[in-house]
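*Asks:* This is the structure alone, sequence omitted:
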DNA sequence: GACTGTGAAGCCATTCACAGCT
DNA sequence: AGCTGTGAATGGCTTCACAGTC
């Protein structure tokens, strides 16, 4: 195993393989081949093997991969073999939904603090979490040792919130506001644009009536 | 302008450019250069020009692009110069949030029907929309001439729902269930995996403590 | 015989660099 | 002079094909 730069596309697929393996495991399946994984997630068999090869040799030639083991390896690689506390800023519809989203919990994420600067939202409850003013963020981050923040505020507030997150010591940000954000090099940041995939669909539908 | 195959990455960026141009337009900015767009969305200037070049020549050499015109072109290319009705299956947390998500409306999408097979959810209201049983989907699709469906149900129900959507005449599906779905070649389908980007963050955070 | 792991080849997207226009 | 549009060069991801192993 050599450690070269891993393509982000590989990480993305690894996350998908990982969930697929969990399904197989739940169904009691013990062994799986790269071809079966490929079919299950919509990729090529060589792609699956190449992706895994970035991190080691997990299979047995002539046999395949042990489902439970490979599942654990993928979780380990992705860094979700332990749980991650999150803070979330923006208690609007989207923020509310993200807090309640079970898929995060299933993958080891849990929102431990929700913040907003809207006086009407502060004090409201989301499940068992109370919405706090932004001033409380620093304390919650310290108490739970939070590293990742989620931005779910309108575009015009996103940069300011990001700055605050960095100042409060967060190391990674997931930004749901459809706007580019500036943060120091050392901060990991990814944008989630909710409508991009819909627009890929409309683009492709449009091509068809030519 | 030659019509070669457009990379999906280009469409993705086009969607982002488009939103950035809307912001500029709202701020009253008339002209913009590829470099300014690049800076605003976090890309390279050559990338911006190359992406646009797939669809025509929209700029003026020595000057740049007219913001309003380019904005309209991008919307047209993406197919969202007119509005798209959507149906959504799954009235859980995620479905609820997607229905209420303003970002979709701002880009010309509107959910015209919400469906679920859970007797406890049927009849509930999401804004002014009532949750209907799946049997009503066909009629709503026909009445509003819907082409795109959103799946927001648990993984184990996703394939079945997709089949029903295809049977009812939908041409494109956006799948929020973290599972691969089989549909005929002619159907456009994209998966949205909510936790992938979080896992990219945890992967990258993990690499740092080596 | 079956399936993994991997160097090499092929392919596609991004970046460069400059001609062309205003 | 400044910025676009684009062929050429680069770089990187994916696919192929086969040697290696069970």
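*Replies:* Cool, got the structure. Note that the structure is a prediction, hence the values are computed from the model and not measured.
*Asks:* in chain A, which spans are strands?
*Replies:* With DSSP state E as the criterion, chain A has strands at A:31-32, A:59-60, A:64-66, A:84-89, A:109-115, A:125-126, A:129-132, A:148-151, A:172-175, A:188-191.
*Asks:* Quickly check: the first one near chain B or not.
*Replies:* Spelled out, it's strand A:31-32. No: using C-beta under 8 Å from any C-beta of the partner chain, strand A:31-32 stays clear of chain B, coming no nearer than 14.2 Å. For the C-beta atoms, the positions are set from N, CA and C on the backbone; glycine is no exception.
*Asks:* mind giving me the domain split of chain A?
*Replies:* A:8-76, A:84-196 (automatic domain parsing).
*Asks:* quick one, which of the strands of chain A is packed in tightest?
*Replies:* Among the strands of chain A, ranked by average contacts under mean count of other C-beta atoms under 10 Å in any protein chain shown, first place goes to strand A:148-151 (a mean of 26).
*Asks:* low pLDDT regions in chain A?
*Replies:* A:1-4, A:209-210 (pLDDT under 70).
*Asks:* so which residue of it comes closest to chain B?
*Replies:* residue A:97 (2.9 Å; C-beta to the nearest C-beta).
*Asks:* tally of neighbours for that residue?
*Replies:* For residue A:97, the number of neighbouring residues by other C-beta atoms under 10 Å in any protein chain shown comes to 21.
*Asks:* before we move on, back to that, can I get the strands of chain A in JSON lines with distance to DNA strand D?
*Replies:* Shown next, in JSON lines, are those (distance: least, C-beta to the nearest atom of the strand, whole Å):
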{"stretch": "strand A:31-32", "distance to DNA strand D": "12"}
{"stretch": "strand A:59-60", "distance to DNA strand D": "5"}
{"stretch": "strand A:64-66", "distance to DNA strand D": "11"}
{"stretch": "strand A:84-89", "distance to DNA strand D": "25"}
{"stretch": "strand A:109-115", "distance to DNA strand D": "25"}
{"stretch": "strand A:125-126", "distance to DNA strand D": "37"}
{"stretch": "strand A:129-132", "distance to DNA strand D": "38"}
{"stretch": "strand A:148-151", "distance to DNA strand D": "23"}
{"stretch": "strand A:172-175", "distance to DNA strand D": "20"}
{"stretch": "strand A:188-191", "distance to DNA strand D": "16"}
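*Asks:* Take these and write them to JSON lines, including distance to residue B:142.
*Replies:* Formatted as JSON lines, those follow (distance: least, C-beta to C-beta, whole Å):
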{"stretch": "strand A:31-32", "distance to residue B:142": "42"}
{"stretch": "strand A:59-60", "distance to residue B:142": "50"}
{"stretch": "strand A:64-66", "distance to residue B:142": "46"}
{"stretch": "strand A:84-89", "distance to residue B:142": "40"}
{"stretch": "strand A:109-115", "distance to residue B:142": "40"}
{"stretch": "strand A:125-126", "distance to residue B:142": "38"}
{"stretch": "strand A:129-132", "distance to residue B:142": "42"}
{"stretch": "strand A:148-151", "distance to residue B:142": "39"}
{"stretch": "strand A:172-175", "distance to residue B:142": "39"}
{"stretch": "strand A:188-191", "distance to residue B:142": "37"}
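*Asks:* how about the ones you listed, which one is nearest DNA strand C?
*Replies:* In terms of C-beta to the nearest atom of the strand, the element of the strands of chain A nearest to DNA strand C is strand A:59-60, at 2.9 Å.
*Asks:* quick one: the closest one near DNA strand C?
*Replies:* Yes: using C-beta under 7 Å from any atom of the strand, strand A:59-60 reaches DNA strand C at A:59, A:60.
*Asks:* residues in contact with that strand?
*Replies:* By C-beta atoms under 8 Å, 6 or more residues apart in numbering or on different chains, the residues outside strand A:59-60 that reach it are A:34, A:49, A:52, A:65, A:66, A:70.
*Asks:* pretty sure the second one contacts residue A:34?
*Replies:* To tie it back to what came earlier, the one meant is residue A:49. Yes: at 4.8 Å, residue A:49 and residue A:34 qualify as touching, with contact defined as C-beta atoms under 8 Å.
*Asks:* The two: which is more packed in?
*Replies:* Taking other C-beta under 10 Å, residue A:49 and residue A:34 do not tie; residue A:34 has more neighbours (21 against 17).
*Asks:* Tell me who's in contact with the more buried one.
*Replies:* A:45, A:46, A:48, A:49, A:52, A:59, A:64, A:65.
*Asks:* Check the gap between it and residue A:60 for me.
*Replies:* Going from residue A:34 to residue A:60 by C-beta to C-beta, to the nearest Å gives 12 Å.
*Asks:* Same check on residue A:157?
*Replies:* Using C-beta to C-beta, one gets 52 Å for the distance from residue A:157 to residue A:60.
*Asks:* can you check residue A:158 too?
*Replies:* 48 Å.
*Asks:* next one: residue A:86
*Replies:* For residue A:86, the distance to residue A:60 - C-beta to C-beta - is 37 Å.
*Asks:* residues contacting residue A:73?
*Replies:* A:55, A:56, A:58.
*Asks:* Let me see the contact set for residue A:204.
*Replies:* Each residue near residue A:204 by C-beta under 8 Å, 6+ apart is listed here: B:172, B:188.
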